[in-house]
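[1] just coords:
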């Protein structure tokens, strides 16, 4: 398998790995805002925000690797 193909599949793995997190993060954040009457919602909100940032990072990294495999 050529080097650019391996990079392409690696980038796709990153991008596909970000898709579930893109749905999970906002769901967790929404759940935190629905349960404001408990003290633990701050922790749940923090986890949701971290998941959203992780999804954005993985998607960015995946697109960066895909572009590297296509144009390098």
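    Arrived safely, thanks for sending. Worth saying up front: this structure is predicted, and the values here are computed from it rather than measured.

[2] most distant residue from the centre of the protein?
    The centre of the chain is farthest from one residue, residue 37, which by Cα atoms, centre = their mean lies 28.6 Å away.

[3] quick one: that residue from residue 28, how far?
    The spacing between residue 37 and residue 28, counted by Cβ to Cβ, to the nearest Å, is 17 Å. (Each C-beta comes from the backbone N, C-alpha and C, glycine too.)

[4] what do you get for residue 69?
    32 Å.

[5] and what of residue 21?
    From residue 21 to residue 28 the distance is 10 Å (Cβ to Cβ).

[6] so what sits against both of the two?
    Taking Cβ atoms under 8 Å, 6 or more residues apart in numbering as the contact rule, residue 21 and residue 28 both touch residue 51.

[7] show the contacting residues for residue 1.
    Taking Cβ under 8 Å, 6+ apart as the definition, residue 1 has no contacts.

[8] centre-most residue in this protein?
    Nearest to the chain centroid, counting by Cα atoms, centre = their mean: residue 55, 1.3 Å.

[9] that one touches residue 27, doesn't it?
    No - with contacts counted by Cβ atoms under 8 Å, residue 55 stays clear of residue 27, the gap being 11.9 Å.

[10] return the distance of the strand or helix carrying residue 31 from the chain's centre.
    Residue 31 belongs to helix 3-34 when elements are defined using DSSP states H and E. Centre-to-centre, helix 3-34 and its host chain are 4 Å apart (Cα atoms, centre = their mean, to the nearest Å).

[11] and stretch 62-72, by the same measure?
    Computed by Cα atoms, centre = their mean, the chain-centroid distance of stretch 62-72 equals 18 Å.
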